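1. missing the sequence, but the structure's below:
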Ligand code: GDP
Ligand code: MN
(Lines give C-alpha, C1' and ligand atoms only; values in the text may rest on other atoms or scores of the structure.)
(Ligands and ions follow the chains in the order given, each with its own letter.)
Protein backbone atom coordinates (compact mmCIF):
# COMPACT_ATOMS: atom_id res chain seq x y z
CA UNK A 1 0.00 0.00 0.00
CA UNK A 2 1.20 3.49 -0.83
CA UNK A 3 0.44 6.70 1.02
CA UNK A 4 0.62 10.36 0.03
CA UNK A 5 3.65 12.58 0.47
CA UNK A 6 1.93 14.67 3.18
CA UNK A 7 1.06 11.54 5.17
CA UNK A 8 4.60 10.22 4.83
CA UNK A 9 5.98 13.55 6.03
CA UNK A 10 3.65 13.53 9.02
CA UNK A 11 5.02 10.13 9.99
CA UNK A 12 8.62 11.26 9.49
CA UNK A 13 7.97 14.35 11.59
CA UNK A 14 6.66 12.09 14.33
CA UNK A 15 9.99 10.26 14.26
CA UNK A 16 11.91 13.51 14.64
CA UNK A 17 13.01 13.89 11.03
CA UNK A 18 13.43 17.34 9.47
CA UNK A 19 10.31 18.30 7.52
CA UNK A 20 8.94 21.79 6.85
CA UNK A 21 5.49 22.68 8.19
CA UNK A 22 2.59 22.37 5.76
CA UNK A 23 -1.13 21.70 5.44
CA UNK A 24 -3.60 20.03 3.08
CA UNK A 25 -6.21 21.73 0.89
CA UNK A 26 -8.96 19.53 -0.56
CA UNK A 27 -10.68 20.00 -3.90
CA UNK A 28 -13.98 20.81 -2.17
CA UNK A 29 -12.42 23.34 0.27
CA UNK A 30 -12.81 27.11 -0.02
CA UNK A 31 -9.33 27.99 -1.27
CA UNK A 32 -9.43 31.66 -0.14
CA UNK A 33 -10.36 30.56 3.35
CA UNK A 34 -7.35 28.23 3.33
CA UNK A 35 -4.81 30.80 2.13
CA UNK A 36 -5.92 34.16 3.56
CA UNK A 37 -3.74 33.88 6.68
CA UNK A 38 -0.53 33.00 4.85
CA UNK A 39 2.46 35.29 5.23
CA UNK A 40 4.24 37.03 2.36
CA UNK A 41 6.68 34.09 2.16
CA UNK A 42 7.62 31.44 -0.38
CA UNK A 43 5.58 28.21 -0.40
CA UNK A 44 5.65 25.02 -2.40
CA UNK A 45 2.20 23.89 -3.59
CA UNK A 46 2.24 20.19 -4.39
CA UNK A 47 -0.34 17.88 -5.96
CA UNK A 48 -0.95 14.80 -3.82
CA UNK A 49 -1.29 11.76 -6.05
CA UNK A 50 0.37 8.36 -5.81
CA UNK A 51 2.91 8.99 -8.55
CA UNK A 52 6.31 10.59 -8.83
CA UNK A 53 7.54 13.10 -11.41
CA UNK A 54 4.83 15.58 -10.39
CA UNK A 55 7.21 18.51 -10.77
CA UNK A 56 7.70 17.93 -14.49
CA UNK A 57 3.96 17.52 -15.08
CA UNK A 58 3.10 20.88 -13.47
CA UNK A 59 2.00 19.41 -10.15
CA UNK A 60 4.59 21.26 -8.04
CA UNK A 61 4.55 25.06 -8.01
CA UNK A 62 6.49 27.62 -6.01
CA UNK A 63 4.43 30.62 -4.94
CA UNK A 64 4.96 33.70 -2.77
CA UNK A 65 2.20 34.97 -0.49
CA UNK A 66 -1.54 34.22 -0.30
CA UNK A 67 -2.42 35.44 -3.79
CA UNK A 68 0.12 33.33 -5.67
CA UNK A 69 -0.59 30.28 -3.47
CA UNK A 70 -4.29 30.68 -4.29
CA UNK A 71 -3.51 30.78 -8.01
CA UNK A 72 -1.26 27.72 -7.72
CA UNK A 73 -3.98 25.83 -5.82
CA UNK A 74 -6.59 26.81 -8.40
CA UNK A 75 -4.46 25.41 -11.21
CA UNK A 76 -3.41 22.23 -9.39
CA UNK A 77 -6.61 21.13 -7.63
CA UNK A 78 -8.89 19.23 -9.98
CA UNK A 79 -6.29 19.05 -12.74
CA UNK A 80 -5.57 15.78 -14.52
CA UNK A 81 -1.90 15.37 -13.74
CA UNK A 82 0.13 13.38 -16.25
CA UNK A 83 3.59 12.20 -15.22
CA UNK A 84 5.79 9.32 -16.42
CA UNK A 85 4.37 7.31 -13.49
CA UNK A 86 0.62 7.89 -14.05
CA UNK A 87 -1.61 6.12 -16.59
CA UNK A 88 -1.49 7.98 -19.96
CA UNK A 89 -4.78 9.77 -19.22
CA UNK A 90 -3.33 11.10 -15.95
CA UNK A 91 -4.70 11.20 -12.43
CA UNK A 92 -7.18 13.69 -11.04
CA UNK A 93 -5.80 15.78 -8.19
CA UNK A 94 -8.12 15.80 -5.15
CA UNK A 95 -5.66 17.17 -2.62
CA UNK A 96 -2.79 19.64 -2.63
CA UNK A 97 -0.16 20.22 0.01
CA UNK A 98 0.99 23.74 0.86
CA UNK A 99 4.42 23.69 2.47
CA UNK A 100 6.87 26.37 3.49
CA UNK A 101 9.47 26.43 0.73
CA UNK A 102 13.19 26.32 1.28
CA UNK A 103 16.24 27.70 -0.48
CA UNK A 104 18.02 24.71 -1.97
CA UNK A 105 21.81 24.51 -1.98
CA UNK A 106 22.00 20.90 -3.22
CA UNK A 107 19.65 17.97 -3.80
CA UNK A 108 20.45 14.35 -2.84
CA UNK A 109 18.78 11.00 -3.36
CA UNK A 110 18.14 8.64 -0.44
CA UNK A 111 16.06 5.51 -0.22
CA UNK A 112 15.51 2.50 2.00
CA UNK A 113 14.07 -0.64 0.54
CA UNK A 114 13.54 -4.24 1.38
CA UNK A 115 15.83 -6.56 -0.52
CA UNK A 116 13.92 -9.81 -0.23
CA UNK A 117 16.61 -11.95 -1.87
CA UNK A 118 19.35 -10.68 0.47
CA UNK A 119 16.91 -10.54 3.42
CA UNK A 120 18.35 -7.12 4.22
CA UNK A 121 17.35 -3.50 4.28
CA UNK A 122 19.08 -1.78 1.42
CA UNK A 123 20.06 1.88 1.58
CA UNK A 124 20.63 3.68 -1.71
CA UNK A 125 22.11 7.15 -1.84
CA UNK A 126 23.38 9.56 -4.44
CA UNK A 127 24.63 13.12 -4.55
CA UNK A 128 22.57 13.55 -7.73
CA UNK A 129 19.21 14.33 -6.18
CA UNK A 130 15.81 14.94 -7.71
CA UNK A 131 16.71 12.63 -10.57
CA UNK A 132 15.27 9.43 -11.92
CA UNK A 133 17.43 6.91 -10.05
CA UNK A 134 16.82 4.10 -12.56
CA UNK A 135 18.16 6.33 -15.35
CA UNK A 136 21.19 7.30 -13.28
CA UNK A 137 21.89 3.64 -12.47
CA UNK A 138 22.10 2.98 -16.22
CA UNK A 139 24.10 6.06 -17.14
CA UNK A 140 26.61 6.20 -14.30
CA UNK A 141 26.32 3.59 -11.56
CA UNK A 142 29.43 4.95 -9.79
CA UNK A 143 27.30 7.91 -8.71
CA UNK A 144 25.13 5.60 -6.60
CA UNK A 145 26.05 4.03 -3.27
CA UNK A 146 24.24 0.90 -2.11
CA UNK A 147 24.56 -0.53 1.40
CA UNK A 148 22.93 -3.54 2.99
CA UNK A 149 21.85 -3.51 6.61
CA UNK A 150 21.50 -6.90 8.24
CA UNK A 151 18.33 -6.61 10.33
CA UNK A 152 19.76 -8.87 13.06
CA UNK A 153 22.71 -6.52 13.59
CA UNK A 154 20.99 -3.27 12.73
CA UNK A 155 22.35 -0.09 11.21
CA UNK A 156 26.03 0.45 12.10
CA UNK A 157 27.74 3.82 12.67
CA UNK A 158 30.42 3.00 10.07
CA UNK A 159 27.69 2.59 7.47
CA UNK A 160 26.35 6.06 8.26
CA UNK A 161 29.89 7.47 7.87
CA UNK A 162 30.34 5.64 4.58
CA UNK A 163 27.19 7.32 3.24
CA UNK A 164 28.19 10.68 4.67
CA UNK A 165 31.59 10.70 2.92
CA UNK A 166 30.15 9.32 -0.30
CA UNK A 167 27.66 12.20 -0.44
CA UNK A 168 30.47 14.68 0.42
CA UNK A 169 28.25 16.52 2.86
CA UNK A 170 29.71 19.44 4.86
CA UNK A 171 31.12 18.57 8.28
CA UNK A 172 28.59 20.63 10.23
CA UNK A 173 25.69 18.42 9.18
CA UNK A 174 27.43 15.21 10.35
CA UNK A 175 25.34 14.85 13.50
CA UNK A 176 22.05 15.67 11.83
CA UNK A 177 22.84 13.33 8.94
CA UNK A 178 23.43 10.50 11.41
CA UNK A 179 20.13 11.30 13.16
CA UNK A 180 18.38 11.38 9.77
CA UNK A 181 19.67 8.00 8.61
CA UNK A 182 18.97 6.41 11.99
CA UNK A 183 15.48 7.92 12.10
CA UNK A 184 14.67 6.68 8.60
CA UNK A 185 15.91 3.19 9.44
CA UNK A 186 13.86 3.19 12.63
CA UNK A 187 10.58 4.24 10.99
CA UNK A 188 11.23 1.95 8.00
CA UNK A 189 11.57 -1.15 10.19
CA UNK A 190 8.99 -0.15 12.84
CA UNK A 191 6.26 0.29 10.21
CA UNK A 192 7.36 -2.65 8.03
CA UNK A 193 7.81 -0.62 4.87
CA UNK A 194 8.80 -1.92 1.50
CA UNK A 195 10.12 1.43 0.38
CA UNK A 196 10.98 4.80 1.87
CA UNK A 197 12.26 7.19 -0.76
CA UNK A 198 13.44 10.71 -0.05
CA UNK A 199 14.00 12.35 -3.42
CA UNK A 200 15.23 14.91 -2.98
CA UNK A 201 16.81 15.17 0.42
CA UNK A 202 18.14 18.71 0.42
CA UNK A 203 20.92 20.70 1.93
CA UNK A 204 19.43 24.14 2.38
CA UNK A 205 21.20 27.45 1.86
CA UNK A 206 21.68 27.63 5.64
CA UNK A 207 23.41 24.23 5.64
CA UNK A 208 20.56 22.24 7.08
CA UNK A 209 19.20 18.90 5.94
CA UNK A 210 15.56 18.75 4.95
CA UNK A 211 13.24 16.06 3.60
CA UNK A 212 11.71 17.74 0.54
CA UNK A 213 9.82 14.81 -0.95
CA UNK A 214 8.88 11.48 0.62
CA UNK A 215 7.38 8.34 -0.83
CA UNK A 216 6.37 5.37 1.29
CA UNK A 217 5.16 1.94 0.42
CA UNK A 218 4.08 -0.66 2.98
CA UNK A 219 3.95 -4.44 2.97
CA UNK A 220 0.23 -5.27 2.61
CA UNK A 221 0.54 -8.48 4.59
CA UNK A 222 1.91 -6.56 7.58
CA UNK A 223 -0.88 -3.94 7.64
CA UNK A 224 -2.90 -5.96 10.15
CA UNK A 225 -0.18 -5.09 12.64
CA UNK A 226 -0.28 -1.37 11.75
CA UNK A 227 -3.83 -0.06 12.03
CA UNK A 228 -2.52 3.53 12.04
CA UNK A 229 -0.95 3.00 8.62
CA UNK A 230 -3.88 1.02 7.19
CA UNK A 231 -6.13 3.97 8.11
CA UNK A 232 -4.09 6.21 5.78
CA UNK A 233 -5.28 4.37 2.66
CA UNK A 234 -6.85 6.84 0.25
CA UNK A 235 -9.73 5.08 -1.59
CA UNK A 236 -9.59 7.72 -4.35
CA UNK A 237 -6.21 6.30 -5.39
CA UNK A 238 -7.59 2.82 -6.02
CA UNK A 239 -10.04 1.33 -8.53
CA UNK A 240 -13.51 1.75 -6.95
CA UNK A 241 -14.30 -1.89 -7.79
CA UNK A 242 -11.21 -3.02 -5.87
CA UNK A 243 -12.24 -0.94 -2.85
CA UNK A 244 -15.73 -2.50 -2.90
CA UNK A 245 -14.23 -5.98 -3.28
CA UNK A 246 -12.08 -5.47 -0.19
CA UNK A 247 -15.23 -4.76 1.85
CA UNK A 248 -16.46 -8.27 1.03
CA UNK A 249 -13.04 -9.85 1.58
CA UNK A 250 -12.87 -10.66 -2.12
CA UNK A 251 -9.46 -10.80 -3.69
CA UNK A 252 -10.23 -8.77 -6.84
CA UNK A 253 -7.96 -7.13 -9.38
CA UNK A 254 -9.37 -5.32 -12.38
CA UNK A 255 -7.84 -6.18 -15.77
CA UNK A 256 -8.63 -4.91 -19.25
CA UNK A 257 -10.13 -7.98 -20.97
CA UNK A 258 -13.81 -8.86 -21.54
CA UNK A 259 -14.41 -12.17 -19.73
CA UNK A 260 -15.48 -11.67 -16.12
CA UNK A 261 -14.02 -14.42 -13.91
CA UNK A 262 -15.27 -15.77 -10.61
CA UNK A 263 -13.06 -18.49 -9.19
CA UNK A 264 -12.33 -20.00 -5.80
CA UNK A 265 -8.67 -20.23 -4.83
CA UNK A 266 -5.87 -17.99 -6.08
CA UNK A 267 -4.12 -20.87 -7.88
CA UNK A 268 -7.23 -21.90 -9.78
CA UNK A 269 -7.93 -18.22 -10.54
CA UNK A 270 -4.46 -17.86 -12.08
CA UNK A 271 -4.79 -21.00 -14.18
CA UNK A 272 -8.27 -19.87 -15.26
CA UNK A 273 -6.79 -16.65 -16.64
CA UNK A 274 -4.03 -18.67 -18.33
CA UNK A 275 -6.43 -21.05 -20.02
CA UNK A 276 -8.69 -18.19 -21.22
CA UNK A 277 -5.62 -16.59 -22.79
CA UNK A 278 -4.61 -19.94 -24.25
CA UNK A 279 -7.93 -20.14 -26.10
CA UNK A 280 -7.57 -16.58 -27.35
CA UNK A 281 -9.73 -14.87 -24.73
CA UNK A 282 -8.86 -12.13 -22.29
CA UNK A 283 -9.91 -11.94 -18.61
CA UNK A 284 -11.63 -8.77 -17.36
CA UNK A 285 -10.49 -9.41 -13.82
CA UNK A 286 -8.79 -11.70 -11.36
CA UNK A 287 -11.22 -12.76 -8.65
CA UNK A 288 -10.72 -15.26 -5.88
CA UNK A 289 -13.96 -15.60 -3.90
CA UNK A 290 -12.14 -17.70 -1.32
CA UNK A 291 -12.96 -21.03 0.30
CA UNK A 292 -16.19 -20.01 2.03
CA UNK A 293 -18.08 -18.59 -0.94
CA UNK A 294 -21.39 -17.54 0.68
CA UNK A 295 -24.40 -16.35 -1.31
CA UNK A 296 -23.69 -12.82 -0.11
CA UNK A 297 -20.13 -12.88 -1.42
CA UNK A 298 -21.13 -14.53 -4.68
CA UNK A 299 -23.74 -11.77 -5.15
CA UNK A 300 -21.16 -9.07 -4.45
CA UNK A 301 -18.79 -10.77 -6.89
CA UNK A 302 -21.43 -10.83 -9.66
CA UNK A 303 -22.24 -7.19 -9.05
CA UNK A 304 -18.56 -6.24 -9.35
CA UNK A 305 -18.03 -8.26 -12.50
CA UNK A 306 -21.16 -6.96 -14.24
CA UNK A 307 -20.45 -3.37 -13.28
CA UNK A 308 -17.56 -3.49 -15.75
CA UNK A 309 -18.96 -2.39 -19.10
CA UNK A 310 -16.22 -4.28 -20.97
CA UNK A 311 -17.55 -7.65 -19.79
CA UNK A 312 -19.10 -9.73 -22.62
CA UNK A 313 -19.31 -13.10 -20.80
CA UNK A 314 -18.91 -14.41 -17.27
CA UNK A 315 -16.96 -17.53 -16.46
CA UNK A 316 -17.53 -19.12 -13.04
CA UNK A 317 -14.98 -21.79 -12.20
CA UNK A 318 -15.44 -23.40 -8.79
CA UNK A 319 -13.87 -26.46 -7.30
CA UNK A 320 -16.04 -27.78 -4.47
CA UNK A 321 -13.44 -29.05 -2.08
CA UNK A 322 -14.05 -27.29 1.20
CA UNK A 323 -17.48 -26.16 0.03
CA UNK A 324 -20.13 -28.30 -1.70
CA UNK A 325 -21.11 -27.67 -5.33
CA UNK A 326 -24.85 -27.59 -4.49
CA UNK A 327 -24.21 -24.76 -2.03
CA UNK A 328 -22.29 -22.87 -4.72
CA UNK A 329 -25.15 -23.42 -7.20
CA UNK A 330 -27.54 -22.12 -4.56
CA UNK A 331 -25.32 -19.06 -4.09
CA UNK A 332 -25.20 -18.39 -7.84
CA UNK A 333 -28.99 -18.69 -8.16
CA UNK A 334 -29.56 -16.41 -5.16
CA UNK A 335 -27.14 -13.90 -6.62
CA UNK A 336 -29.00 -13.94 -9.93
CA UNK A 337 -32.23 -13.02 -8.11
CA UNK A 338 -30.52 -9.81 -7.04
CA UNK A 339 -28.27 -8.99 -9.98
CA UNK A 340 -29.64 -8.84 -13.50
CA UNK A 341 -27.53 -10.98 -15.80
CA UNK A 342 -26.97 -9.18 -19.09
CA UNK A 343 -24.29 -11.40 -20.68
CA UNK A 344 -23.83 -15.17 -21.21
CA UNK A 345 -22.84 -17.12 -18.09
CA UNK A 346 -20.66 -20.21 -18.30
CA UNK A 347 -20.30 -22.23 -15.11
CA UNK A 348 -17.84 -25.00 -14.49
CA UNK A 349 -18.39 -26.87 -11.24
CA UNK A 350 -16.31 -29.79 -10.07
CA UNK A 351 -15.98 -31.64 -6.78
CA UNK A 352 -18.31 -32.66 -3.98
CA UNK A 353 -22.00 -32.95 -5.02
CA UNK A 354 -21.22 -31.76 -8.54
CA UNK A 355 -24.19 -33.68 -10.06
CA UNK A 356 -26.68 -32.02 -7.76
CA UNK A 357 -25.10 -28.57 -8.28
CA UNK A 358 -25.10 -28.87 -12.08
CA UNK A 359 -28.70 -30.12 -12.08
CA UNK A 360 -29.82 -27.10 -10.02
CA UNK A 361 -28.21 -24.74 -12.55
CA UNK A 362 -29.66 -26.56 -15.57
CA UNK A 363 -33.17 -26.58 -14.13
CA UNK A 364 -33.05 -22.93 -13.14
CA UNK A 365 -34.99 -20.30 -15.12
CA UNK A 366 -31.71 -18.58 -16.05
CA UNK A 367 -29.74 -19.07 -19.23
CA UNK A 368 -26.69 -20.78 -17.74
CA UNK A 369 -24.25 -22.94 -19.69
CA UNK A 370 -23.02 -25.58 -17.25
CA UNK A 371 -19.94 -27.57 -18.33
CA UNK A 372 -17.91 -29.67 -15.93
CA UNK A 373 -14.76 -29.96 -18.09
CA UNK A 374 -12.34 -27.07 -17.44
CA UNK A 375 -10.93 -26.74 -21.00
CA UNK A 376 -14.32 -27.13 -22.66
CA UNK A 377 -15.89 -24.55 -20.35
CA UNK A 378 -13.07 -22.06 -20.97
CA UNK A 379 -13.36 -22.54 -24.74
CA UNK A 380 -17.11 -21.87 -24.63
CA UNK A 381 -16.60 -18.78 -22.44
CA UNK A 382 -14.13 -17.39 -25.00
CA UNK A 383 -16.59 -18.10 -27.86
CA UNK A 384 -19.50 -16.50 -25.99
CA UNK A 385 -17.45 -13.36 -25.32
CA UNK A 386 -16.65 -13.10 -29.05
CA UNK A 387 -20.28 -13.24 -30.20
P1 LIG B 1 8.20 14.99 -7.72
O2 LIG B 1 8.45 15.72 -9.01
O3 LIG B 1 6.88 14.29 -7.73
O4 LIG B 1 9.32 14.07 -7.35
O5 LIG B 1 8.07 16.13 -6.58
P6 LIG B 1 9.17 16.78 -5.60
O7 LIG B 1 8.53 17.02 -4.32
O8 LIG B 1 10.41 15.97 -5.57
O9 LIG B 1 9.45 18.20 -6.26
C10 LIG B 1 10.09 18.34 -7.51
C11 LIG B 1 11.14 19.42 -7.48
O12 LIG B 1 10.54 20.66 -7.10
C13 LIG B 1 12.23 19.20 -6.44
O14 LIG B 1 13.25 18.35 -6.90
C15 LIG B 1 12.72 20.63 -6.24
O16 LIG B 1 13.69 20.96 -7.20
C17 LIG B 1 11.48 21.49 -6.46
N18 LIG B 1 10.96 21.93 -5.14
C19 LIG B 1 10.04 21.31 -4.37
N20 LIG B 1 9.87 21.98 -3.20
C21 LIG B 1 10.73 23.04 -3.23
C22 LIG B 1 11.06 24.11 -2.32
O23 LIG B 1 10.55 24.20 -1.21
N24 LIG B 1 11.99 25.02 -2.73
C25 LIG B 1 12.60 24.93 -3.94
N26 LIG B 1 13.51 25.84 -4.27
N27 LIG B 1 12.34 23.95 -4.81
C28 LIG B 1 11.43 23.01 -4.47
MN1 MN C 1 10.58 13.79 -5.84
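-> Done, it's in. All of these numbers come straight from a predicted model, not from anything done at the bench. Residues are numbered from 1 along each chain as shown. Ligands and ions are numbered 1, 2, ... in the order given.
2. just give the nearest non-adjacent residue to the residue of the stretch 201-350 of the chain found nearest ligand 2, would you?
-> The nearest approach of the stretch 201-350 of the chain to ligand 2 comes at residue 213, 3.5 Å away (Cβ to the ion). Glycine gets a C-beta too; all of them are placed from N, C-alpha and C. Of all residues not flanking residue 213 in the chain, residue 199 sits nearest, at 5.6 Å (Cβ to Cβ, 6 or more residues apart in numbering).
3. returning to what we had before: ok, the residue of the stretch 201-350 of the chain closest to ligand 2 - contacts?
-> 5, 198-200 (Cβ atoms under 8 Å, 6 or more residues apart in numbering).
4. mind listing what the closest residue in space to residue 92 that isn't next to it in sequence touches?
-> Of all residues not flanking residue 92 in the chain, residue 80 sits nearest, at 5.6 Å (Cβ to Cβ, 6+ apart). Going by Cβ under 8 Å, 6+ apart, residue 80 touches 89-93.
5. mind running it again at 10 Å?
-> Counting by Cβ atoms under 10 Å, 6 or more residues apart in numbering, residue 80 makes contact with 57, 86, 89-93.
6. how near is it to ligand 2?
-> Relative to ligand 2, residue 80 is positioned 20 Å away (Cβ to the ion, to the nearest Å).
7. next, that residue: phi, psi?
-> Here is the backbone geometry of residue 80 (degrees, to the nearest 10): phi -100, psi 100.
8. what distance do you get for it to ligand 1?
-> Distance of residue 80 to ligand 1, computed by Cβ to the nearest ligand atom, to the nearest Å: 16 Å.
9. what's the answer for residue 100, then?
-> 7 Å.
10. distance of the residue nearest to that residue when sequence neighbours are not counted relative to residue 226?
-> Distance criterion Cβ to Cβ, 6+ apart; nearest residue to residue 100, sequence neighbours excluded, is residue 20 at 4.5 Å. Distance from residue 20 to residue 226, counting by Cβ to Cβ, to the nearest Å: 26 Å.
11. what of residue 325?
-> Applying Cβ to Cβ, the value for residue 325 to residue 226 is 39 Å.
12. what about these two, which has more around it?
-> The neighbour count for residue 325 versus residue 226, taken as other Cβ atoms under 10 Å, is higher for residue 325 (25 against 17).
13. OK, contacts around the more buried one?
-> Contacts of residue 325 by Cβ under 10 Å, 6+ apart are 318-319, 347, 349-358, 360-361, 372.
14. are any of the residues you listed buried, and which?
-> 318-319, 347, 349-354, 357-358, 360-361, 372 (16 or more other Cβ atoms under 10 Å).
15. just those residues: which are in helices?
-> Among these, the members falling in helices (DSSP state H) are 354, 357-358, 360-361.
16. surely residue 321 and residue 267 touch.
-> No - look at residue 321 against residue 267 with Cβ atoms under 10 Å: they stay out of range, at 11.7 Å.
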